[in-house]
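Chemist: Would you be able to build a 3D model of this:
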Amino acid sequence: MRLKHVIRKEFIQFSKDKRMIPIVFIAPVIQLLVLGHAANLDVVNLDLAVCDEDTSSSSRALVRSLTSSRYFIETHRVTRCPDDARFFESAEAAIAVHIPRNLQSELDAGRTGSVLFTIDGSNTVPAGQGATMTLLAVERFNRQRIEEAGLAHLMDLRPGVDLRSRIWFNPDLETKNFFVPGILGLLLMLITMILTSMAVVKEKERGTIESIIVSPLSPLTLVMGKLVPFVIIGLIDVALVVAVARFHFHIPLHGSLVTLFIVSLLFILNTTGLGLLVSTISSTQQEAMMTAMFFIMMPIMYIAGFVFPIESMPEAVQWATYTIPLRHFLVAIRAIFLKGSTFMDLWRECAWLAGTGL
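Modeler: Numbering: from 1, shown residues only. Here you go, the predicted model:
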């Protein structure tokens with residue numbers, strides 16, 4: 001009977017906490033729905049940039065072989081190929097194919113024609129699977145060409161398209177080069193959001209919030225006073241994490257430290273703002289912690305592109321990720337580390353971070 005009354009008392013006490021009920025029962029359902037759609041390591045809908053200098057029936061057939069599957073979407077096509085990494089950076093593509101001017105003539109003469117595929121290795125998951133899918137597409141093109149000529153018995157002997165590939169920014173496709181810069185974003189979000197989410201709640205629990213309200217402080221002064229210390233702490237953490245990434249994990253840093261800190265400052269503006277929002281709608285530190293973790297941090301981590309490719313998510317989720325600051329920070333920080341991108345190269349990401357942060 002004593003145990004029964006204690007259990008009853010706990011249920012009654014829990015039922016009176018109206019803010020904890022959604023966290024306990026609704027948050028798991030939301031996380032399951034988000035993770036169920038986002039947790040997909042099968043890479044599809046990779047952006048493909050095409051430079052077709054041959055503009056022949058064979059080159060068009062090769063491009064159709066690539067785009068006929070669900071793995072590639074042609075986003076950009078030119079007939080003159082600049083020989084640098086900016087080609088598919090400007091086209092916002094993950095893979096670029098260069099079809100030389102003499103492809104048709106080489107194939108008609110019974111010789112092997114070479115096609116160059118350039119792969120963005122800064123994201124190791126799409127890069128690895130994209131390389132495999134391009135190989136399969138070229139093999140499919142060669143097979144169809146031989147079958148159409150009625151020479152299926154010469155499948156292993158007749159020349160076709162020879163695939164040449166090169167990987168930029170991360171030639172060895174080392175996973176740490178992709179994940180370690182991303183971890184910087186997760187750590188920044190975790191530290192600054194949790195610290196800021198406790199800022200106003202502590203005043204409520206201590207009973208000092210009323211004194212602050214009646215003080216001569218303006219709302220802007222109070223908000224800035226709560227945010228600035230954690231912004232400084234966040235920037236110190238950036239310096240520490242970058243030092244560890246560079247000198248312990250030997251992650252190449254091709255970009256400018258100034259650009260890195262500017263982008264990090266814009267991201268911290270978002271995380272501290274979210275933390276302050278959580279702090280103002282929460283009554284206790286426990287509630288603030290649970291809200292920040294279950295409703296903001298975990299869903300964001302799933303769909304921001306830290307692990308799971310955004311290209312493989314449903315279209316509605318892909319559009320929703322544009323409102324997530326971590327997505328833009330991950331793109332920017334990896335580009336700074338591996339590509340040496342400048343502030344002008346990342347103006348879209350910076351504009352999104354500035355807009356959502358404000």
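Chemist: what's the spacing between Phe306 and Gly225?
Modeler: Spatial separation of Phe306 from Gly225 under the definition Cβ to Cβ, to the nearest Å is 32 Å. From N, CA and C alone the C-beta is placed, and that goes for glycine too.
Chemist: neighbour count winner among these two?
Modeler: Phe306 (17 against 12; other Cβ atoms under 10 Å).
Chemist: got the contact list for that one?
Modeler: When contacts are counted by Cβ atoms under 8 Å, 6 or more residues apart in numbering, Phe306 touches 182, 185-186, 326, 330.
Chemist: For those residues, pick the one with the most neighbours.
Modeler: When neighbours are taken as other Cβ under 10 Å, the top entry among the contacts of Phe306 is Gly185 (28 neighbours).
Chemist: Would you confirm that it belongs to a helix?
Modeler: Yes. Following the definition DSSP: H, G, I helix; E, B strand; the rest coil, Gly185 is counted among the residues of a helix.
Chemist: what's the spacing between the nearest residue in space to it that is not next to it in sequence and Asp162?
Modeler: With Cβ to Cβ, 6 or more residues apart in numbering as the measure, Phe329 is the residue that lies nearest to Gly185, at 4.8 Å, once sequence neighbours are left out. Distance, Phe329 to Asp162, using Cβ to Cβ: 40 Å.
Chemist: neighbour-wise, which of these two wins?
Modeler: Between Phe329 and Asp162, Phe329 has the larger neighbour count (other Cβ under 10 Å), namely 29 against 14.
Chemist: ok, then the element right after the helix or strand containing that one?
Modeler: For Phe329, the host element (DSSP states H and E) is helix 325-334. Proceeding C-terminally, helix 325-334 gives way to helix 347-357 as the next helix or strand, assigned by DSSP H and E.
Chemist: Give me the contact list for that following helix.
Modeler: Outside of helix 347-357, the residues within contact range by Cβ under 8 Å, 6+ apart are 262-263, 266-267, 269-270, 273, 322-323, 325, 328-329, 331-332, 343.
Chemist: List the buried residues in that helix.
Modeler: 349-350, 352-353, 356-357 (16 or more other Cβ atoms under 10 Å).
Chemist: Tell me which stretches of the stretch 151-300 of the chain form helices.
Modeler: If DSSP state H, counting those that start in this stretch is used as the criterion, the helices of the stretch 151-300 of the chain fall at 175-197, 199-206, 209-213, 219-247, 257-281, 285-291, 298-303.
Chemist: okay, the ones you listed in TSV with distance to Val6 and mean pLDDT next?
Modeler: Supplementary listing: the helices of the stretch 151-300 of the chain in TSV, determined by distance: least, Cβ to Cβ, whole Å; pLDDT from 0 to 100:
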stretch	distance to Val6	mean pLDDT
helix 175-197	32	88
helix 199-206	26	84
helix 209-213	33	81
helix 219-247	40	90
helix 257-281	31	93
helix 285-291	21	85
helix 298-303	32	83
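Chemist: how about those, which one is nearest Lys4?
Modeler: With Cβ to Cβ as the criterion, Lys4 lies closest to helix 285-291 of the helices of the stretch 151-300 of the chain, at 26.5 Å.
Chemist: Against which helices or strands is the closest one packed?
Modeler: With contacts defined as 3 or more Cβ pairs under 8 Å, 6 or more residues apart in numbering; DSSP states H and E, helix 285-291 has these neighbours: helix 20-38, helix 175-197, helix 199-206, helix 257-281.
Chemist: Pipe those helices into CSV and attach distance to Pro229 per row.
Modeler: Formatted as CSV, the helices and strands packed on helix 285-291 follow (distance: least, Cβ to Cβ, whole Å):
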stretch, distance to Pro229
helix 20-38, 27
helix 175-197, 9
helix 199-206, 9
helix 257-281, 10
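Chemist: Which among those is found nearest to Leu240?
Modeler: Each of the helices and strands packed on helix 285-291 has some distance to Leu240 by Cβ to Cβ; the shortest is helix 175-197, at 9.5 Å.
Chemist: and the closest one with helix 325-334, angle?
Modeler: If you take axes from the mean of the first three to the mean of the last three Cα atoms, to 10 degrees, helix 175-197 sits at 140 degrees to helix 325-334.
Chemist: got the CA coordinates for stretch 166-173 in PDB?
Modeler: Taking Å, rounded to 0.1, in the frame of the first residue of the first chain, the C-alpha atoms of stretch 166-173 are listed here in PDB:
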ATOM      1  CA  ARG A 166      39.900  12.400 -60.300                       C
ATOM      2  CA  ILE A 167      38.800  13.500 -56.800                       C
ATOM      3  CA  TRP A 168      39.300  17.000 -55.700                       C
ATOM      4  CA  PHE A 169      39.600  18.400 -52.100                       C
ATOM      5  CA  ASN A 170      39.900  15.000 -50.400                       C
ATOM      6  CA  PRO A 171      41.700  12.700 -52.900                       C
ATOM      7  CA  ASP A 172      41.900   9.700 -50.500                       C
ATOM      8  CA  LEU A 173      38.300  10.200 -49.400                       C
END
